[in-house]
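Q: Mind folding the following:
(2 chains)
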Amino acid sequence: MASSHNTHSETAKVEQILTEFFPKTLQIILESRAPCISSRNFSGEQVLSSPSSSSSSSSSMRPRDKWFNLALRECSATLENIDLWRPNYHEPMVVDVILVQRQFGLDSVSASPRKDLVRNLSLKEKYPLSFNSDKDEFGSQTKSEKVVERWMVHYESRKNRDSNSGSRRSSNSTAHTYKKTILLLRSLYAFVRLLPAYKVFQDISSSGQIHPFTLAHRVSSFAEPFTRREEAEMQRFVFTPVDTSCGRLCLSVLYRSSLSDINSEPSTPMSPQVIPEYVGSPLADPLKRFPTLPVTIAPSHGSPSSLPFSRRHSWSYDRFRPSPPSVSFSPSPTHSESHALISNPAFPRLPPSSLPSQLPEMVTGHKDNMNYDEYYPSPVFSQSPSLSPPIRIRVKRLPNGLLQSESAPPSAPIAKLPHSPALSSKPNLPPSPPLKASGAIISRINRDVGPLPAGSAIGKSSSLGRDESQRISGWRVSSNNSPISRSSSRSFPDDLDDPEFPCPFDVDEDEMTDRGSR
Amino acid sequence: MNCEVCQLKELQVEQFEIREVLRCILHTIVFHRALGLVRPRDIDLELFDITYVQCGDIEVEKKIDEKIEQFINWVEKHPNKKSQICLSFYQEKNKQASWFTNKIERFYWEQWYINLHVAQHIKIHSGKTHQQKILVDPGESGLDERSIRRTTLEASLREVLFQVIKFVNEKKDHVPAIPSPDCGVVIFPYEITIPSSSDSAFGMDMIKRMLQTGHPTMLS
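A: Numbering: from 1, shown residues only, chains lettered A, B, ... in the order given. Alright, predicted model coming up:
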């Protein structure tokens, strides 16, 4: 009896390893491919965002960190997506990394000059998403896509295996399996940084130039086959599969060994098509566009009642949008203005007097997203109450001089802090209970508002926004359970700093209570 | 105990490149052997278009840098030599206490040999007077040559990194169990051996010694 129980629990452990392996793999890949706020080159902000994140997203973030003993950066957009994959380790996972060539227009927004890093980040968050989407009405005309990497993860299970022999050395083999998956992920982590696409990612993430290209990704459980020619251009690297007691875990990648041709000249399946209004519009001038952007968004959310969908968007986008200006631009009236606007809960984004001409486009852009909106009903937000209050509070405080302290670090985000030592030095900042004491909030705000809007509340919200669009972009697998996925992630292992956990599989009541107390 | 050995492809480097090249390789290896909870850090090389990963442990970084400095010092005294840096991982085991000493023995389970050929070339940093002129004078052809050499080295370095990754991937069984998180150690015990100053012909010597001592899998 006991042995069968053991077998069972061992199997459960292996299953848990497998279940975690897929999202972790995805996270490693996307972290170095999907331009997002917390990508490597924004480590400066990340330093700041990470502490706060511990409060806002600790439950979803840190358990995953502990898995495979590999704490990754936060890229909450991907994280959210990753959660969706959880239950499906029986299905293969195919991650296509797509190089998107853009000709002009909106697309360039995402890569516009990074005078203002933070702002640009928010743009980046928003737009890559929409490019990723095939339905993007701006992009579709003017971009060409090329799959530059295809990562494939799948698990081959061996059903017929003698279960006894498996159980005999199961405890041993589970640890062994786990060790091997750790090794596999270590090498994956190093490997993704050696492939040519990483360079593209670096370019996109770090330089201040307008790029005619960006990277998108697509995650699904099947692969659209390559043409023979395409395949001939690619190289394959097969990671050594990890044997488990009941199957084996395989990871491989097809990648283009050279991206130089793609980078230099458009391969144009779609010929460049000039759309006059775009060319002439302020949109074409990123510098002009910057200051007006938050404004641009505003109208679409201006009347929540009439535009229910955009209302939700407003949540997500607005949340991370407002902070960037405050941070990135030197302290000035605009600061408080923008905050004031946001602070008014009734009119979160009051349409400013100068209605930018690009508004229509922007709105359309949103509409595009609306299709997906239904997947992310507002309950998502209400479920995490910590989200909204900080913003309001923060706004209120702004005039009181907090702003000054906040405006000090504007340069920080711009300055590239390459390797974020702080990350390693204090990985486990205590989660500050979001809304208990205003003092705590303020301090948190300080941290947040500093260089990075990706701070706790804002970061989280931004993640929602990004998340949304990421889904649009990357995830063909439609799912309506974002809240669920988030909560599901909570049910997984636990915090990094819990010394009681030798092994992440050991999930028990402790952590549940622990979590509850948080 | 089975000791796996990996001989990494030899790299032709100039003196000023040693530091980056070694850091890159050593950290990459160490990252794959730091199986405790780590928060990796990406490091972009300055001389090459390569990003490598550190395990984020300050002690490790310190130790590696120290060894590299020692190695550079050695190279200065022994120019134009092929040399080898060995990174070994071991486990410590208490051997039967003999008499009054409690003997701790090291069991090496993995060794990585980094092979460098440090060439004596124009040193950019060495002198502003004479050499600088020579450097400048050759003009573009010199620069071209230099950049070609650099590109070649970059490609080779990348290859070495791939070699590390492949090795890690293919050989997993000999890696000991992951240290318990309680002990706070993220990495297996390791040592970095550089040619000692007394040992002038370190490179070949080392190989000879190894052949004599005999590591079972070394020649595989």
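Q: Can you name the residue of the stretch 251-400 of chain A nearest chain B?
A: With CB to the nearest CB as the measure, A:Leu251 is the residue of the stretch 251-400 of chain A nearest to chain B, at 9.6 Å. Placement of C-beta: from N, CA and C, glycine included.
Q: got the contact list for that residue?
A: Residues in contact with A:Leu251, defined by CB atoms under 8 Å, 6 or more residues apart in numbering or on different chains, are A:Thr25, A:Trp151, A:Met152, A:Val153, A:Leu184, A:Leu188, A:Val238, A:Phe239, A:Pro241.
Q: in chain B, which spans are strands?
A: Across chain B, reading from the start of the chain, the strands by DSSP state E fall at B:4-7, B:11-14, B:41-44, B:51-54, B:82-94, B:104-119, B:190-193.
Q: Counting by contacts, list what the longest one packs against.
A: So the one you mean is strand B:104-119. The contact analysis (3 or more CB pairs under 8 Å, 6 or more residues apart in numbering or on different chains; DSSP states H and E) places strand B:104-119 against strand B:4-7, strand B:11-14, helix B:18-33, strand B:82-94.
Q: can you redo these as a markdown table with distance to chain A?
A: Written out in a markdown table, the entries for these read as follows (distance: least, CB to the nearest CB, whole Å):
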| stretch | distance to chain A |
| --- | --- |
| strand B:4-7 | 13 |
| strand B:11-14 | 16 |
| helix B:18-33 | 5 |
| strand B:82-94 | 13 |
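Q: Comparing those, which comes out most buried?
A: Most buried of the helices and strands packed on strand B:104-119 by mean neighbour count (mean count of other CB atoms under 10 Å in any protein chain shown) is helix B:18-33; its value is a mean of 23.
Q: can you dump the C-alpha coordinates of that one into PDB?
A: Coordinates of each C-alpha in helix B:18-33 appear next as PDB, following Å, rounded to 0.1, in the frame of the first residue of the first chain:
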ATOM      1  CA  ILE B  18      42.200  37.400 -21.800                       C
ATOM      2  CA  ARG B  19      40.100  38.900 -19.100                       C
ATOM      3  CA  GLU B  20      36.900  39.000 -21.100                       C
ATOM      4  CA  VAL B  21      37.400  35.700 -22.700                       C
ATOM      5  CA  LEU B  22      38.100  33.900 -19.500                       C
ATOM      6  CA  ARG B  23      35.300  35.600 -17.600                       C
ATOM      7  CA  CYS B  24      32.900  34.600 -20.300                       C
ATOM      8  CA  ILE B  25      34.000  31.000 -20.400                       C
ATOM      9  CA  LEU B  26      34.400  30.500 -16.700                       C
ATOM     10  CA  HIS B  27      31.200  32.100 -15.800                       C
ATOM     11  CA  THR B  28      29.300  30.100 -18.400                       C
ATOM     12  CA  ILE B  29      30.600  26.900 -17.000                       C
ATOM     13  CA  VAL B  30      30.000  27.900 -13.500                       C
ATOM     14  CA  PHE B  31      26.500  28.900 -14.300                       C
ATOM     15  CA  HIS B  32      25.800  25.400 -15.400                       C
ATOM     16  CA  ARG B  33      27.100  24.100 -12.200                       C
END
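Q: any idea of the mean pLDDT for it?
A: Averaged across helix B:18-33, pLDDT comes to 95.
Q: same check, this time on stretch A:182-194
A: Regarding stretch A:182-194, the rounded mean pLDDT is 94.
Q: now swap in stretch A:69-83 and tell me
A: Averaged over stretch A:69-83, pLDDT sits at 68.
Q: Would you tell me which residues of chain B are close to chain A?
A: For chain B, the residues in contact with chain A under the definition CB under 8 Å from any CB of the partner chain are B:28, B:31-32, B:35-44, B:49-54, B:56-58, B:158, B:161-162, B:164-165, B:168-170, B:172, B:175, B:177-178, B:180-182, B:186.
Q: tell me which residues in the strand of greatest length in chain A are buried?
A: As far as residue count goes, and with DSSP E defining each element, the longest strand of chain A is strand A:143-157. Taking 16 or more other CB atoms under 10 Å in any protein chain shown as the basis for neighbour counts, the residues of strand A:143-157 that come out buried are A:143-155.
Q: what about that strand, near chain B?
A: No - among the residues of strand A:143-157, none lie within reach of chain B under CB under 8 Å from any CB; the closest is 14.6 Å away.
Q: Repeat that for stretch A:17-26.
A: No - using CB under 8 Å from any CB, no contact is recorded between stretch A:17-26 and chain B, whose separation bottoms out at 12.9 Å.
Q: could I have that stretch exported to PDB, CA atoms only?
A: Written as PDB, here are the backbone C-alpha positions of stretch A:17-26 (Å, rounded to 0.1, in the frame of the first residue of the first chain):
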ATOM      1  CA  ILE A  17       8.000  19.100 -12.700                       C
ATOM      2  CA  LEU A  18       6.700  18.700 -16.200                       C
ATOM      3  CA  THR A  19       3.900  21.100 -15.600                       C
ATOM      4  CA  GLU A  20       6.300  23.700 -14.500                       C
ATOM      5  CA  PHE A  21       8.900  22.900 -17.100                       C
ATOM      6  CA  PHE A  22       6.800  24.200 -20.000                       C
ATOM      7  CA  PRO A  23       6.000  27.600 -18.600                       C
ATOM      8  CA  LYS A  24       9.600  28.000 -17.400                       C
ATOM      9  CA  THR A  25      10.900  27.200 -20.800                       C
ATOM     10  CA  LEU A  26       8.500  29.600 -22.300                       C
END
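Q: Quick one: residues contacting B:Leu37.
A: B:Leu37 makes contacts with A:Asp65, A:Lys66, A:Asn69, A:Leu70, A:Ala71, A:Leu496, B:Pro181, B:Val186, as judged by CB under 8 Å, 6+ apart.
Q: Those residues, buried ones only, as a PyMOL selection?
A: A single PyMOL command is used to select the members of the contacts of B:Leu37 judged buried by 16+ other CB under 10 Å:
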select buried, (chain A and resi 65+66+69+70+71+496) or (chain B and resi 181+186)
